[in-house]
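[1] below are the sequence and a predicted model for it; my questions follow.
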Amino acid sequence: MTGGAQNAIPRILHLHSTFSAGGKERRAVRLMNAFGKNVAHAVVSGEPGELSAANEIAHGIDVDYPDEFPPLVGKPTPWRLQAMAQAMAEYDLVLTYNWGAIDAVMAHTLFGKAIALPPLIHHEDGFNADEQQKLKPSRNWYRRIALGRASALVVPSEKLEGIALTEWAQPFGRVRRIPNGIDVASFAKTPKADALRGIIKHPGELWVGTVAGLRPIKALHLLVRAFASLPEPWQLVIVGEGPEVSTIRAEAQAHGIEHRVHLPGFASDPAKFVGLFDIFALSSQSEQFPISLVEAMAAGLPAAAPAVGDIGAMVADENLPFIVGPGDIGGLSNALATLASDAALRESVGEANRAKAVAQFGEDRMIGAYRRLYSGIMGREIPA
């Protein structure tokens, strides 16, 4: 018997590859906050201790972090998979995220019927660095098998939708594309100059900014390289945390711009600071539908970024000249230089981005789609 027969409110188990404050984690938190006290949550991170996204969970949300849940990462032995399956039994719905939680999906497929497990929905938002150039055939086969009993596979981008239908051979009815959305209106406010910890935007300064986990796949040292030719008073502000801090600092030192590259660490509520940027930039080797780009668009910023995932389709047409080929650091540098040299161009491109964000990427649409999906598959209504 699953938890739905016993609990007054539904209990949802979230199995994340990591719960550090990246795009998919922040989206999950926004959904938790939107569902409010109508749902109880349990969160497991495949990287123990990586729970910084929890800082954005609203006060009063019922959420715990079960230490006793079997590790999400390891050899997929029958005993380990069965242990994971048994640990899912007390919930009403299981939500899994990315490759780092795929063993849990396999466990659900292999043992779900025998243990009478609750339904499972898997979410895919992108790939690790080892699949950025080409998907691994062995992982494609594993995903095909693991997803055999999943109630739905949720993806945010057209590119991932195509991969799910072809490479992973998922039936059309199982794949659900739900674009990421945000509270667009909150990004229209003008931030305070000291909104970021340890750094103040002084009069006359101009900022190239990004919000990202400091991980190798984000290639932020290449963003430093692309920025290096911009003159004073331009500053590069990289908001986030992760293992690449020393690599980023070393690149800045190599170009003699360490005094103009700022790493304020993690900051919650991007609406309070993204508007301090004058240009938003990405250098990622792999993205699908980055929430940080939607936030920058809502704040009225132009963006310089590589054409990975759906980025080219996300931005306004006026911004397309500043979307460059993947790995083209010279092109990214030129895009930054062109935008940096023309304030009127920055304003016009930013306004076009803002208009598209308002028209297409509002949070209400995304939350409504997830609420309907989760409620329908769980068989229990999540009240609005």
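    Here it is on my side, so go on. Since the model is a prediction, treat every value here as computed from it, not as a measurement.
[2] going forward, measure contacts between C-alpha atoms and count neighbours the same way
    Fine.
[3] what's in contact with the helix or strand containing I238?
    Using DSSP states H and E, I238 maps to strand 234-239. With CA atoms under 8 Å, 6 or more residues apart in numbering as the test, strand 234-239 has contacts from 205-212, 224, 227, 260-267.
[4] let's see that with 6 Å instead.
    The contact list for strand 234-239 (CA atoms under 6 Å, 6 or more residues apart in numbering) reads 206-211, 260-266.
[5] and if you look at stretch 348-355?
    M297, A298, G300, L301, P302, A316, E318, N319.
[6] tell me the contacts of the fifth one?
    In this case it means P302. So P302 contacts I279, R346, V349, G350 (CA under 6 Å, 6+ apart).
[7] list only buried entries from the residues you listed.
    Among the contacts of P302, those buried by neighbour count (16 or more other CA atoms under 10 Å) are I279, R346, V349, G350.
[8] just to revisit the earlier point, mind giving me the PyMOL select for the contacts of strand 234-239, buried ones only?
    Applied in PyMOL, the following selects the buried portion of the contacts of strand 234-239 according to 16+ other CA under 10 Å:
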select buried, resi 206+207+208+209+210+211+260+261+262+263+265+266
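[9] save the contacts of P302 as TSV, and put in distance to A150 too.
    Listed next are the contacts of P302 as TSV, based on distance: CA to CA, whole Å:
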residue	distance to A150
I279	41
R346	45
V349	41
G350	40
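[10] any chance of the buried ones among the contacts of P302 in CSV with distance to K218 and pLDDT as columns?
    Formatted as CSV, these follow (distance: CA to CA, whole Å; pLDDT from 0 to 100):
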residue, distance to K218, pLDDT
I279, 17, 98
R346, 24, 98
V349, 24, 98
G350, 23, 98
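[11] of those, closest to I178?
    Nearest to I178 among the buried ones among the contacts of P302, counting by CA to CA, is G350 at 24.5 Å.
[12] what does stretch 160-167 contact?
    Residues contacting stretch 160-167 (CA under 6 Å, 6+ apart): Q170.
[13] identify each buried residue in that stretch, please.
    L160, E161, A164.
[14] give the next helix or strand downstream of the helix or strand hosting L110.
    Element membership for L110 (DSSP H and E) is helix 102-115. Using DSSP H and E, the helix or strand that follows helix 102-115 in sequence is strand 120-123.
[15] so what touches whichever helix or strand comes after that next one?
    Remark: after strand 120-123, the chain's next helix or strand is helix 137-146, criterion DSSP H and E. For helix 137-146, the external contacting residues (CA under 6 Å, 6+ apart) are V105, M106, W168.
[16] switch the cut-off to 8 Å
    Contacts for helix 137-146 (CA under 8 Å, 6+ apart): I102, D103, V105, M106, A107, T109, E167, W168, A169, Q170.
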